[in-house]
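*Asks:* my questions concern the predicted model and sequence given below.
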Amino acid sequence: MGEFTMPSLGADMDEGTLVEWLVAPGDPLRKGDPVAVVETAKSTIEVECFESGAMGRLLVEPGTTVPVGTPLALIEPAAGARREPGGRGKRQKHPVTPPAPAEPEPTPAPGPEPAAGDGEAAGTGPLIRRLAERRGVDLTALHGTGPAGRVTRADIERAATDTARPPRVRATPLARRRAAELGVDLSSVTGTGRDSVIRAEDVGGAAPGGAAAPAPPPPAAASVRPSRPPGEQAPGMRRAIARLMTRANRDIPHYYLSTTVDMAVSMDWLHEHNRRGPMAERLLPAALLLKAAALAAREVPALNGFWTDDRFTAGEGVHLGVAVSLRGGGLIAPVLHGADTLDLPALMGALKDLVTRARTGRLRGSEVSDATLTVTNLGDQGVETVFGVIHPPQVALVGFGRVADRPWAVDGLLGVRPVVTVTLSADHRATDGAVGARYLTAVDRLLQKPEEL
């Protein structure tokens, strides 16, 4: 039996508040399924399960604040697998007792045994077929648990019981409590969660008047943070940011570099691409900048990774953390996984989606962790140059300012060109200035050939 624990969703996270369960005990789980909503000091995040099986007992009530690593629920192994000490799933051997002889049955008319796919389960005997007929069970829809997949009497009885039982409405435990309080029939509610699971807000919308009643107070022993509208800065967010940045400035020996990149070729290509392409595939300059930052990180891997245990570990892939300012204040850096492998339209779509969900509190746990390099772009705020603080355990941060028209000399002739200032904050323990200069040179070179991004 495994445990689903409060995850660490960033270097600055020490604890989290369980807001809502998205599954109920007994629900099947696939690796990567979101199972709970967790609130951190920075955002509200859907947390995935990284083990397949079935949801077991829920150990923590919604509204409870617990430290990172605290078990939140138990995960049962998949049906048919038994775990031995040491964690390996094996089938245990048990002595087989021969069944008692059955009452003699009339001998059926001779004929070939039906094969799989002929409308009957393969290898089923007349007793099993007759029992299935009496109990109203379709043998072709059964998965046998006997030797070689044979259907057993227990399979028939279980299927008959499941058929007689009314279908279970898929709803979170919090949604069931809210439905009981508001007198809402869950069978009449349309779920908006994954696989149409009914969530608490769905129940509130179906209540008389369409307004959600306040949630019941959690147990007195629980430490609870007050709820807030999406996007509003969480209490403690500034403290969390201050704590992390203070540690970063104290422990990381930063060095800073900057360069100015001529964006004339990139902007001409971008305008032509947007003029010819459909509206849905129009790009912003940010897409070119992010893709150039990702490809340059692939070329200069010494800046793409982590400083842990007094040594550098290169990242597996280029996963860009993109700094997003929240409407109520503060910031969060969701991750564009494999940014160097995405084409520009896909990267643009992923960026828009991440920003929207970051500002509405709908990110998933895998989208706020494991960034190998962070990028901050304050060009839309009118900022021309930004020097950021490295987000540990990363070893670098890239900053982009706004694309602005400036006097610029090309081949000895002075003209007005669109340019952008690119900065690099890097960890001197992992690299020196020469490596950082190589990275900025790569960014410049890549932006001169936008058609190859």
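*Replies:* Looks like it came in fine.
*Asks:* can you get me a residue count around the closest residue to residue 199 other than its chain neighbours?
*Replies:* Distance criterion CB to CB, 6 or more residues apart in numbering; nearest residue to residue 199, sequence neighbours excluded, is residue 193 at 4.7 Å. Heads up, the C-betas are built off the backbone N, CA and C, glycines and all. Using other CB atoms under 10 Å, residue 193 has 21 neighbouring residues.
*Asks:* residue 445 now?
*Replies:* As a burial measure, residue 445 scores 14 neighbours (other CB under 10 Å).
*Asks:* quick one: buried residues of the strand or helix carrying it?
*Replies:* Element membership for residue 445 (DSSP states H and E) is helix 433-447. Using 16 or more other CB atoms under 10 Å as the test for burial, helix 433-447 gives 435, 436, 439, 440, 442, 443, 444, 446, 447.
*Asks:* contact partners for the first one?
*Replies:* Contact partners of residue 435, counting by CB atoms under 8 Å, 6 or more residues apart in numbering, are 300, 302, 303, 426.
*Asks:* per-residue pLDDT, it?
*Replies:* Looking at residue 435, its pLDDT is 98.
*Asks:* check the fourth one too.
*Replies:* Here, the pLDDT recorded for residue 440 equals 98.
*Asks:* could you list the low-pLDDT ranges of the chain?
*Replies:* 11, 79-127, 146-149, 161-168, 173-174, 177, 194-195, 207-235 (pLDDT under 70).
*Asks:* and the contacts of residue 435, which is closest to residue 370?
*Replies:* Nearest to residue 370 among those is residue 303, at 16.1 Å by CB to CB.
*Asks:* ok, residue 350 to residue 297 distance?
*Replies:* 17 Å (CB to CB, to the nearest Å).
*Asks:* could you do residue 78 as well?
*Replies:* Here the distance between residue 78 and residue 297 works out to 39 Å (CB to CB).
*Asks:* more neighbours, the two?
*Replies:* Legend: neighbour count by other CB under 10 Å for residue 78 and residue 297, higher for residue 297 (28 against 13).
*Asks:* residues near the residue lying closest to the more buried one once chain neighbours are set aside, how many?
*Replies:* What sits nearest to residue 297 in space, not counting adjacent residues and going by CB to CB, 6+ apart, is residue 304, at 4.1 Å. Residue 304 is flanked by 25 other residues according to other CB under 10 Å.
*Asks:* buried stuff in whatever helix or strand residue 16 lives in?
*Replies:* Taking DSSP H and E as the criterion, residue 16 maps to strand 15-21. By neighbour count on 16+ other CB under 10 Å, the buried set for strand 15-21 is 15, 16, 17, 18, 19, 20, 21.
*Asks:* relative to residue 361, which of these is nearest.
*Replies:* Checking the buried residues of strand 15-21 against residue 361 with CB to CB, the nearest one is residue 19 at 9.4 Å.
*Asks:* ok, what's across the strand from the closest residue to the closest one other than its chain neighbours?
*Replies:* Take residue 19 and drop its neighbours on the chain: the residue closest to it by CB to CB, 6+ apart is residue 37, 4.2 Å away. Using DSSP bridges, the beta-bridge partners of residue 37 come out as residue 20, residue 46.
*Asks:* from residue 407, how far off is residue 37?
*Replies:* Noted for residue 37: a distance of 52 Å to residue 407, by CB to CB.
*Asks:* need the contact list for residue 131.
*Replies:* With contact taken as CB under 8 Å, 6+ apart, residue 131 is in contact with 153, 156.
*Asks:* which phi and psi does it have?
*Replies:* Backbone torsions for residue 131, taken as degrees, to the nearest 10, come to phi -60, psi -40.
*Asks:* from the buried residues of strand 15-21, pick the one nearest residue 128.
*Replies:* Nearest to residue 128 among these, counting by CB to CB, is residue 21 at 39.5 Å.
*Asks:* how close does the closest one sit to residue 57?
*Replies:* Noted for residue 21: a distance of 12 Å to residue 57, by CB to CB.
*Asks:* what sits in contact with each of those two?
*Replies:* The overlap between the contact sets of residue 21 and residue 57 (CB under 8 Å, 6+ apart) consists of residue 73.
*Asks:* returning to that earlier point: looking at residue 37 and residue 407, which one has more neighbours?
*Replies:* Using other CB under 10 Å, the more surrounded residue of residue 37 and residue 407 is residue 37, with 24 against 9.
*Asks:* was I right about the more buried one contacting residue 20?
*Replies:* Yes: between residue 37 and residue 20 there is a contact at 4.4 Å, judged by CB atoms under 8 Å.
*Asks:* buried ones in the lengthiest strand in the chain?
*Replies:* Scanning the chain for the longest strand, with DSSP state E as the assignment, gives strand 413-427. For strand 413-427, burial by neighbour count (16+ other CB under 10 Å) applies to 417, 418, 419, 420, 421, 422, 423, 424, 425, 426, 427.
*Asks:* before we move on, what about stretch 182-190?
*Replies:* Buried residues in stretch 182-190 (16+ other CB under 10 Å): 182, 184, 186, 189.
*Asks:* got the residues you listed as JSON lines, with secondary structure and distance to residue 133 columns?
*Replies:* Formatted as JSON lines, those follow (DSSP: H, G, I helix; E, B strand; the rest coil; distance: CB to CB, whole Å):
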{"residue": "182", "secondary structure": "helix", "distance to residue 133": "44"}
{"residue": "184", "secondary structure": "coil", "distance to residue 133": "40"}
{"residue": "186", "secondary structure": "helix", "distance to residue 133": "34"}
{"residue": "189", "secondary structure": "coil", "distance to residue 133": "37"}
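*Asks:* mind putting these in JSON lines, distance to residue 401 included?
*Replies:* Listed next are the buried residues of stretch 182-190 as JSON lines, based on distance: CB to CB, whole Å:
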{"residue": "182", "distance to residue 401": "51"}
{"residue": "184", "distance to residue 401": "52"}
{"residue": "186", "distance to residue 401": "52"}
{"residue": "189", "distance to residue 401": "49"}
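*Asks:* what is the nearest of these to residue 1?
*Replies:* Checking the buried residues of stretch 182-190 against residue 1 with CB to CB, the nearest one is residue 186 at 28.6 Å.
*Asks:* surely that closest one is in contact with residue 172?
*Replies:* No: if you go by CB under 8 Å, residue 186 and residue 172 don't touch, sitting 10.6 Å apart.
*Asks:* shared neighbours, these two?
*Replies:* The contact lists of residue 186 and residue 172 share residue 198, where a contact means CB under 8 Å, 6+ apart.
*Asks:* all strands for the stretch 151-300 of the chain, in order.
*Replies:* 254-262 (DSSP state E, counting those that start in this stretch).
*Asks:* rewinding a little: tell me what the strand holding residue 16 is packed against?
*Replies:* Strand 15-21 sits against strand 34-39, strand 65-67, helix 173-182, with contacts defined as 3 or more CB pairs under 8 Å, 6 or more residues apart in numbering; DSSP states H and E.
*Asks:* fine by me, we can end here.
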